[in-house]
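Student: What shape does this take:
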Amino acid sequence: MLTIVVLGGFGLVLLVTACIVADVIAGLRRDENPTTIEEKTAGQVIRVRGPVRGQLEDGTPAEYTEVTVEYCTRRGEGPFEVSRRLPVGSRIAYTKGDRVIVSYDVRTPRRARIAGRVSHWPQLGPRSAPDPVPQP
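Tutor: Below is the predicted model:
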């Protein structure tokens, strides 16, 4: 009877250990193959061309403005460029130097899209005046 209890307890310990090891291994595999294949980063408008007569991305003939943005990935790769065609009557307007959000595919070949303009991101480059250091 004592042998059965000891073997049962030892078997239970082995089962719990096997489950923990399986969870750890599954977590490592999940980190190697991320489920998120898209990341976001900051970019800057480098060129605005238009109005141009042609076709939008969906093939519709129209007059459009072409916006080109330069961005670097979060891992420091790049710089890359991505373009977007906007109809001339669009409410969205970009000018050279605007900061924008760029969503890009982390896999290669890299595909990206302009996600929108922002004004609340920190200034690009060093600050013009350092913050005052508090005195004790």
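Student: What pairs with the host helix or strand of Arg49, parallel or antiparallel?
Tutor: Following DSSP states H and E, one finds Arg49 within strand 38-55. Here strand 38-55 has these sheet partners by DSSP bridges: strand 61-71 (antiparallel), strand 99-105 (antiparallel).
Student: tell me the centre residue of the chain?
Tutor: Centroid-nearest residue in the chain: Glu39, 1.5 Å away (criterion: CA atoms, centre = their mean).
Student: Reformat the strands paired with strand 38-55 as JSON lines; add distance to Phe80 and mean neighbour count.
Tutor: Any C-beta I mention is one placed from the backbone N, CA and C, and that applies to glycine too. Below are the strands paired with strand 38-55 laid out as JSON lines (distance: least, CB to CB, whole Å; neighbours: other CB atoms under 10 Å):
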{"stretch": "strand 61-71", "distance to Phe80": "6", "mean neighbour count": "18"}
{"stretch": "strand 99-105", "distance to Phe80": "7", "mean neighbour count": "19"}
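Student: So which of these is nearest Gly8?
Tutor: The closest of those to Gly8 is strand 99-105. By CB to CB, the value is 51.7 Å.
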